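[1] sequence plus predicted model, see below.
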Amino acid sequence: QVQLVESGGGLVQAGGSLRLSCAASGRTFSMGWFRQAPGKEREFVAAISWNGANTYYADSVKGRFTMSRDNAKNTVYLQMNSLKPEDTAVYYCAADNRLVLIITLDEYDYWGQGTQVTVSS
């Protein structure tokens, strides 16, 4: 059983930046970030392959968010720049033990408890 702990959320003004971290209790492979705004379904944000060579982003964050990983620390990151009020949500980290890059919510086996990101206008 892998445990995931997110950190780095907070309140920021529009146009600002935040860096989220997700620390895993063990080795993981495909990892992703999802978010859920009030009254909305959880949606895909970004995913990264086991070695960090491949990433994939939702159109809404492409060019503004960057996902990376440090396997020596069992940690993934989400650098969020040019934040917009519509980015406000609880951000969740997800992990899976398969090598393929996964972008579908239902395919992930492990989830963190989430970290709140609030962007003020």
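    Ah, there it is.

[2] look up how far residue 98 lies from residue 104.
    Applying Cβ to Cβ, to the nearest Å, one obtains 12 Å for the distance of residue 104 from residue 98. Backbone N, C-alpha and C define where each C-beta goes, glycine included.

[3] more crowded one of the two?
    Using other Cβ atoms under 10 Å, the more surrounded residue of residue 104 and residue 98 is residue 98, with 13 against 9.

[4] the more buried one touches residue 30, doesn't it?
    Yes. Under the criterion of Cβ atoms under 8 Å, residue 98 lies in contact with residue 30, with a separation of 5.6 Å.

[5] quick one: stretch 85-104 to chain centroid distance?
    Shown here is stretch 85-104, whose average C-alpha point lies 5 Å from the average C-alpha point of the whole chain (Cα atoms, centre = their mean, to the nearest Å).

[6] try stretch 106-121
    The offset between the C-alpha centroid of stretch 106-121 and the centroid of the whole chain comes to 7 Å, using Cα atoms, centre = their mean.

[7] show me what counts as buried in it.
    For stretch 106-121, the buried set under the neighbour-count rule, 16 or more other Cβ atoms under 10 Å, comprises 108, 110-112, 114-115, 117, 119.

[8] now do stretch 45-56
    Under the neighbour-count criterion of 16+ other Cβ under 10 Å, stretch 45-56 has 45-50, 55-56 buried.

[9] those in helices, which ones?
    Applying DSSP state H to those, no entry is found in helices.
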